[in-house]
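Trainee: coords please:
(chains A and B)
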Amino acid sequence: MSAHPSTLAPVQFEPAPEPAFETPPAAPTRRRLRPSHILGGLGLLLLVSLPIPFGDFGFFVGQYGAIYAILGLSVIVVTGYAGLISLMPYSFAGIGAMITAVAMASWGWPMWLAIPLGAVATIPVSILVGITSVRLKTLYLAIATLTFADVLGETFFKWDRITGGETGWLLQRPKLGPIDLTSDATFYVVCIAVVFLLLWMIEGLRTSRLGRAMLAVRDNELEAQALGINVYKTKLVAFVISGLIAGIGGGFLAVLLTSVTRSAFQSPLAQATSLLLVTLVAIGGIDRAIGAFFGAVSLVIQQQIFQGADFFFRFVAVYAALLLILFLMFRPGGMVQVGKIQLDLIRRRPIVGIAIALFFLGLNVGVAWLFLSLSS
Amino acid sequence: MILAGQPVAAVTVFGLSSGAVFGLLALGLVLIYRTTGTLNFSHWAIGILAVVAYAILTGSGVNPQIAVLLSIPVSMGAGVLAYRLVFRRIPRSQHIIVVLISVGLAQLFSSIAAFALGFEQFTRIPAWLPATDYHLFGITFKSVDLITMAAALAIAFGFLIWFRRSQAGRALRAVAQNREAAMLAGIDDVRYSSIAWGMGSGLAAVALLLVLPHSAGDRGGLITTFQVTPFGTLLIPAFGAALIGGLVNLPAALIGGFVFGLSHELLVLAPAPWSNLRGAIAAILIVLLLLMRTERFFASRQEIEALEA
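Mentor: Alright, predicted model coming up:
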């Protein structure tokens, strides 16, 4: 040991960057009532019963929200779990919607075959994007997906045989045996059932082997590789799952709207809607499946309910964007994280917790009421 | 295929002028990315704020030329505020959060812009550059195209010289090359990052003010709902132009602007199946550039790692 002592000084490693989101505990605790279960149950009850007093408009809003929750789930898998920023979720939905529409309107397929076909049709594109995502880091991937949406809008969505030209397709809502989907109430219940089936699957994915691999890739790619995770495969699978979910959502969107035109999936509307999806999921909570649900609820409140109140609606867009930035800066877990903190507070100090919750609820409702009364 | 002098020359001039505008937008993007490590998805939305200010000022009777001078600081202020209040407080290593926040800021600024315009489908704004046609060798040149190209190039070159020679430019390059070392040398990191955001946003404002008030020819311009969306129509080619310099090289980004402007306009003259590619050519070029990983030609490995880590 002839080396000068100073050369033997311990090497200072920089600490690993703090991950933005929390990772689930190593062994999932099962059969225990968790805050998310209570919230989910409450949300389900609220959601199923909410549209009834509003009649047809209520059911339309409910279906719309349910479909956006499905589309939001596709963002959760790819961005929340696997940490790959995709700014093109609505283009995947567009593929699903177009294929479902052409299969039902032109080829005469039944709905229960057409929607899965639409979902499967997204696979080639998601594999292509997935392959690119392996080579590109976060920022570059964001640009790439932004432009992929453009490429799809100029190529696939200009294919007249599939997209029906400028006029698009007109669909008939089908009757599946005893289930009459022409009724809004029935279609709403079917949508909610699909949302909760997917929610359950995506939340399960989080604690499965594959989901944990995705979270590991998101938090530190090199570490994940060292643990023997196939990063390439994980990213590809994340994109494929996300594409399938978006395709299902798109298929339901086509059946809901009964008219599909390609201009909704071309630049700049495609990018604007994709952006809306990503932001609403970020408000809801991007790293938990239930976040898509909260995001969709917030979207429905913003977009559909206040649309009539023109004066107020202008403020809502600014308010939502501000809320998103504040959430991302201080609570990156979104409404899910805030709800969890709030529930913890209520459990430890019930009076203070409930008072704070009521205060914020009252603040929002009060301001909304103020603007509504100003606008009328 | 017609290759007469008239269309080729006219289309080339138009391509060069829109290329100069892409170059200006790309310069701003690169400046902000290089100094602060934020890829600014709200670049377009920040620029549109100046156009909205211009629309409001001219609407209330201010002379268009003066309105241009007054509205550029609006964007610069928005950029500086975005850095001071938001991006400074986010650790650079959290890429997902940084990208999502810049996307959210784009949403915020574009909704503010739409709000200020009263959610109109179209807002008519007056032109501020003189409009005359010049006839040279049997070719018609529009003065607006020529002035746009000349102004964009002059501003871009002025900016590049400022960046190379001035004290502030040197400090900015020092921060870009090695943040820690620059701070040790007494360079105020926050101050120069604010300058970068202000300059970059100002460049975006100039680029949009050169284009939008003249979008409807001699009758002035229109701000449509498509332009008030968070990612306006010119942002994708601007990203492409920035990528030609690997998001880090300023002069290459300016040249990249011309590549995208010319390729978009010259495809009008291509034979039938290829001219359909016009809308997608920018996107296709971008995907190719991304896969080529152009940044490795322009920056040392250390710098790239510092930006991406």
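
Trainee: in chain B, which helix has the most residues?
Mentor: With residue count as the measure and DSSP state H as the assignment, chain B has helix B:5-36 as its longest helix.

Trainee: Quick one: mean pLDDT for it?
Mentor: Summarised as a single mean, pLDDT over helix B:5-36 is 85.

Trainee: Now do the buried residues in it.
Mentor: Applying a neighbour-count criterion of 16 or more other Cβ atoms under 10 Å in any protein chain shown, the buried positions in helix B:5-36 are B:9-36. In short, each C-beta sits where N, CA and C put it, glycine included.

Trainee: where's residue B:208 relative to residue B:18, distance?
Mentor: Separation of residue B:208 from residue B:18 (Cβ to Cβ, to the nearest Å): 12 Å.

Trainee: Quick one: neighbours of the residue lying closest to residue B:84 once chain neighbours are set aside, just the number.
Mentor: Nearest residue to residue B:84 in three dimensions, chain neighbours excluded: residue B:194, at 6.2 Å (Cβ to Cβ, 6 or more residues apart in numbering or on different chains). Using other Cβ atoms under 10 Å in any protein chain shown, the number of residues around residue B:194 comes to 19.

Trainee: Looks like residue B:194 contacts residue B:85 (just checking).
Mentor: No - applying Cβ atoms under 8 Å as the test, residue B:194 and residue B:85 come out as separate, 11.0 Å apart.

Trainee: Could you pull up the contacting residues of the most centrally placed residue in chain A?
Mentor: By Cα atoms, centre = their mean, chain A has its centre lying nearest to residue A:72, at 1.4 Å. For residue A:72, the residues meeting the contact criterion (Cβ atoms under 8 Å, 6 or more residues apart in numbering or on different chains) are A:277, A:280, A:281, A:284, A:291, A:292, A:293, A:295, A:296.

Trainee: element containing the nearest residue to the second one once chain neighbours are set aside, please.
Mentor: Translated: residue A:280. With Cβ to Cβ, 6+ apart as the criterion, residue A:280 has its nearest non-adjacent residue at 3.8 Å, and that residue is residue A:295. For residue A:295, the host element (DSSP states H and E) is helix A:290-299.

Trainee: what do you get for residue B:134?
Mentor: strand B:133-136.

Trainee: And the next helix or strand past that strand?
Mentor: Counting by DSSP H and E, the next helix or strand C-terminal to strand B:133-136 is strand B:139-142.

Trainee: export the next helix or strand after that next one as PDB, just CAs?
Mentor: For strand B:139-142, the succeeding helix or strand toward the C-terminus, using DSSP H and E, is helix B:143-165. These are the backbone C-alpha positions of helix B:143-165, laid out as PDB (Å, rounded to 0.1, in the frame of the first residue of the first chain):
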ATOM      1  CA  SER B 143     -42.800  42.300 -49.500                       C
ATOM      2  CA  VAL B 144     -44.200  40.600 -46.400                       C
ATOM      3  CA  ASP B 145     -42.300  37.400 -47.200                       C
ATOM      4  CA  LEU B 146     -39.100  39.300 -47.900                       C
ATOM      5  CA  ILE B 147     -39.300  41.400 -44.800                       C
ATOM      6  CA  THR B 148     -40.200  38.400 -42.600                       C
ATOM      7  CA  MET B 149     -37.200  36.600 -43.900                       C
ATOM      8  CA  ALA B 150     -34.800  39.500 -43.500                       C
ATOM      9  CA  ALA B 151     -36.100  40.500 -40.100                       C
ATOM     10  CA  ALA B 152     -36.000  36.900 -38.800                       C
ATOM     11  CA  LEU B 153     -32.500  36.500 -40.100                       C
ATOM     12  CA  ALA B 154     -31.300  39.800 -38.700                       C
ATOM     13  CA  ILE B 155     -32.800  39.000 -35.300                       C
ATOM     14  CA  ALA B 156     -31.400  35.500 -35.300                       C
ATOM     15  CA  PHE B 157     -27.900  36.700 -36.300                       C
ATOM     16  CA  GLY B 158     -28.000  39.600 -33.800                       C
ATOM     17  CA  PHE B 159     -29.000  37.100 -31.100                       C
ATOM     18  CA  LEU B 160     -26.200  34.700 -32.100                       C
ATOM     19  CA  ILE B 161     -23.600  37.500 -32.000                       C
ATOM     20  CA  TRP B 162     -25.000  38.600 -28.600                       C
ATOM     21  CA  PHE B 163     -24.700  35.000 -27.400                       C
ATOM     22  CA  ARG B 164     -21.100  34.700 -28.500                       C
ATOM     23  CA  ARG B 165     -19.700  38.100 -27.600                       C
END
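
Trainee: and helix B:143-165, what other elements does it pack with?
Mentor: Applying 3 or more Cβ pairs under 8 Å, 6 or more residues apart in numbering or on different chains; DSSP states H and E, one finds that helix B:143-165 contacts helix B:5-36, strand B:133-136, helix B:167-177, helix B:189-211, helix B:250-266.

Trainee: which other residues reach the very next helix or strand once past the last one?
Mentor: When you say that, I think you mean helix B:250-266. Past helix B:250-266, further along toward the C-terminus, the next helix or strand under DSSP H and E is helix B:272-275. Contacts to helix B:272-275, defined as Cβ under 8 Å, 6+ apart, come from residues B:267, B:268, B:269.

Trainee: Distance to residue B:70 added to the helices and strands packed on helix B:143-165, as CSV?
Mentor: As requested, the helices and strands packed on helix B:143-165 are arranged in CSV below (distance: least, Cβ to Cβ, whole Å):
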stretch, distance to residue B:70
helix B:5-36, 19
strand B:133-136, 30
helix B:167-177, 23
helix B:189-211, 11
helix B:250-266, 26
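
Trainee: Please report how far residue A:162 lies from residue A:191.
Mentor: From residue A:162 to residue A:191 the distance is 25 Å (Cβ to Cβ).

Trainee: between these two, which one's more packed in?
Mentor: Set side by side, residue A:162 and residue A:191 show more neighbours around residue A:191, with 24 against 18, by other Cβ under 10 Å.

Trainee: any idea how far residue B:260 is from that one?
Mentor: To residue B:260, residue A:191 is 42 Å away according to Cβ to Cβ.

Trainee: got it, and residue B:19?
Mentor: Computed with Cβ to Cβ, the distance linking residue B:19 and residue B:260 is 6 Å.

Trainee: Could you do residue B:270 as well?
Mentor: Shown here: residue B:270 relative to residue B:260, a distance of 16 Å by Cβ to Cβ.

Trainee: Could you check which of these two is surrounded by more residues?
Mentor: Per other Cβ under 10 Å, whichever of residue B:270 and residue B:260 has more neighbours is residue B:260, with 28 against 14.

Trainee: Can you tell me how far the more buried one is from chain A?
Mentor: Using Cβ to the nearest Cβ, to the nearest Å, we find residue B:260 at a distance of 12 Å from chain A.

Trainee: isn't residue B:29 right next to residue B:38, touching?
Mentor: No - assessed by Cβ under 8 Å, residue B:29 is found out of contact with residue B:38, at 9.9 Å.

Trainee: In contact with the closest residue to chain B within the stretch 151-300 of chain A: list those residues for me.
Mentor: Closest approach of the stretch 151-300 of chain A to chain B (Cβ to the nearest Cβ) occurs at residue A:154, with a separation of 3.6 Å. The neighbourhood of residue A:154, defined by Cβ under 8 Å, 6+ apart, consists of A:266, A:267, B:277, B:279, B:280, B:283.
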